[in-house]
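1. Any chance you could fold what I've pasted below:
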Amino acid sequence: MVRPRRSALYLPATNARAIEKARTLPADVIILDLEDAVAPEAKADARAQAADAVRGGGFGGREVVIRVNGLDTPWGRDDLAAAAAAGPDAVLVPKIAGPADLAAYAAALPAETRLWAMIETCRAILRLDAIGEACAAGRCDAWIVGANDLVKEMRCRPDAARRPLLPALTQAVLAARAHGLAVLDGVWNDIPDLDGLARECRQGADLGFDGKSLIHPSHLAAANAAFAPEPDEVAWARTVAAAFDAPEAAGKGVLKVEGRMVERLHLEQARRLIAIHEAIAAHEVSGAR
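-> Just a heads-up that it's a prediction; the model follows:
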């Protein structure tokens, strides 16, 4: 099933008001954060509020994900137990370094709970193929690139074009595609700079990301616009699909459509783009309820 994941908004699970507002925001994914956004003394309260929010529902068509603390912390196992009982759409696990890390989290969760993984360490970037294989064999559906943590580990100095990060970002997209995973870009840190955000969203879409993780509701519009198919793209995709569906195209691998040579691989791309467009439309209807 194709699901839109253009925008994934992190919310500190201690902020009950923000969580309530999230039920009406135009986000594709809501991430209730127990990790970076929560101080140590507030971890237990955040855990309880996240579980209550999931059980309370009311998020419409939005995916609801709980980001837990790592199993190497004092809070990780309690976080996993609370998430397992609450039943979010997925549990997002931090600082994956290899396939064994995923197995440890999966073992602590019921079989029906999906996993998402943060790709935010140098070791993870160097082991993306192995991690992807573990995801494909298990129940991990999506990656989120943790660009801030990568910058810290690499000790690099990203510019506006994120040049030091481009090899890692590209490798993450390549590995995700090789293993059939969704992959989301990292957050934009400068909250009021919406022009910079829009540029980075467009760059992420051009690199092949499915969407962007976000830290503020004001960033939703830019991400939703950048990672949605353009109207002319949808129109062309429908033209290609219609051409191949015509009786006279039966058995043909290549067609001439409006003066352009189109192959079966373009048909596959067209059908996926149409499916995303329709999924976004359905999500926006369900999210408005």
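
2. Give the residue farthest from the middle of this protein.
-> Distance from the C-alpha centroid of the chain peaks at Glu248, with 39.9 Å (CA atoms, centre = their mean).

3. Quick check: pLDDT value at it.
-> Model confidence at Glu248, given as pLDDT, is 92.

4. so is it in a helix, a strand, or just coil?
-> Counting by DSSP: H, G, I helix; E, B strand; the rest coil, the backbone at Glu248 sits in helix.

5. Please determine how far it is located from Leu165.
-> Distance, Glu248 to Leu165, using CB to CB, to the nearest Å: 48 Å. In short, each C-beta sits where N, CA and C put it, glycine included.

6. The closest residue to Thr14 other than its chain neighbours: neighbouring residues, count only.
-> Once flanking residues are discounted, Thr14 sits nearest to Ala46: 4.6 Å by CB to CB, 6 or more residues apart in numbering. Using other CB atoms under 10 Å, Ala46 has 25 neighbouring residues.

7. Quick one: end-to-end length of stretch 69-88, please.
-> 15 Å (CA to CA, to the nearest Å).

8. quick thing: my sequence starts at 42, can you match it?
-> With the count now opening at 42, the last piece we talked about shows up as stretch 110-129.

9. Show me the contact partners of that stretch.
-> Applying CB atoms under 8 Å, 6 or more residues apart in numbering, the contact partners of stretch 110-129 are 73, 75-76, 84-85, 88-89, 91-93, 95-96, 105-107, 109, 132, 134-136, 145-146, 149-151, 153-154.

10. could you point out where this protein is predicted with low confidence?
-> 327-330 (pLDDT under 70).

11. Centre-most residue in it?
-> With distances taken as CA atoms, centre = their mean, Leu225 lies nearest the centre of the chain, 3.9 Å away.

12. show me what contacts it?
-> Contacts here follow CB under 8 Å, 6+ apart; on that basis Leu225 touches Arg46, Ala49, Ala183, Trp184, Ile185, Val186, Phe250, Asp251, Gly252, Lys253, Ser254.

13. One more pass at 10 Å, please.
-> Applying CB atoms under 10 Å, 6 or more residues apart in numbering to Leu225 gives the contacts 46-49, 69-70, 72, 157, 160, 183-186, 213, 217, 245, 250-255, 264, 268.

14. and the one helix or strand Leu73 maps to, what does it pack onto?
-> Assigned by DSSP states H and E, Leu73 falls within strand 70-74. Here strand 70-74 touches strand 48-53, helix 57-63, helix 84-97, strand 104-108, strand 131-134, strand 181-186, strand 223-226, strand 252-255, going by 3 or more CB pairs under 10 Å, 6 or more residues apart in numbering; DSSP states H and E.

15. Excluding chain neighbours, what is closest to Pro50?
-> Heads up, residue 50 is Leu, not Pro. Closest residue to Leu50 apart from its sequence neighbours, by CB to CB, 6+ apart: Ala68 at 4.4 Å.

16. Could you give the backbone dihedrals for the one you found?
-> Backbone torsions of Ala68, given as degrees, to the nearest 10, read phi -100, psi 140.

17. count of residues packed around it?
-> So Ala68, with other CB under 10 Å, has 26 neighbours.

18. any idea how far it is from Leu222?
-> 20 Å.

19. Also Leu308?
-> For Leu308 relative to Leu222 (CB to CB), the value is 23 Å.

20. that older thread, residue contacts, the residue farthest from the centre of the chain?
-> Per CB under 10 Å, 6+ apart, neighbours of Glu289: Leu296.

21. for the residue lying closest to Asp182 once chain neighbours are set aside, which residues make a bridge with it?
-> Leaving out its chain neighbours, the residue that sits closest to Asp182 by CB to CB, 6+ apart is Arg155, at 5.2 Å. As for beta bridges, Arg155 partners with Ala131 under DSSP bridges.

22. tell me the contacts of Arg155?
-> By CB under 10 Å, 6+ apart, Arg155 lies in contact with 104, 106, 129-133, 147, 179-183.

23. try 6 Å this time
-> By CB atoms under 6 Å, 6 or more residues apart in numbering, the residues touching Arg155 are Ala131, Arg180, Asp182.

24. Can you report how many residues neighbour Ala149?
-> Ala149 - counted by other CB under 10 Å - has 19 other residues nearby.

25. Ala177 now?
-> Look at Ala177: counted by other CB under 10 Å, it has 13 neighbours.

26. So it versus Gln244, what's the distance?
-> 27 Å.

27. can you check Ile107 too?
-> Noted for Ile107: a distance of 29 Å to Gln244, by CB to CB.

28. Narrow the contacts of Leu225 to just the buried residues.
-> Those of the contacts of Leu225 that meet the buried threshold are 46-49, 69-70, 72, 157, 160, 183-186, 213, 217, 245, 250-255, 264, 268, by 16 or more other CB atoms under 10 Å.
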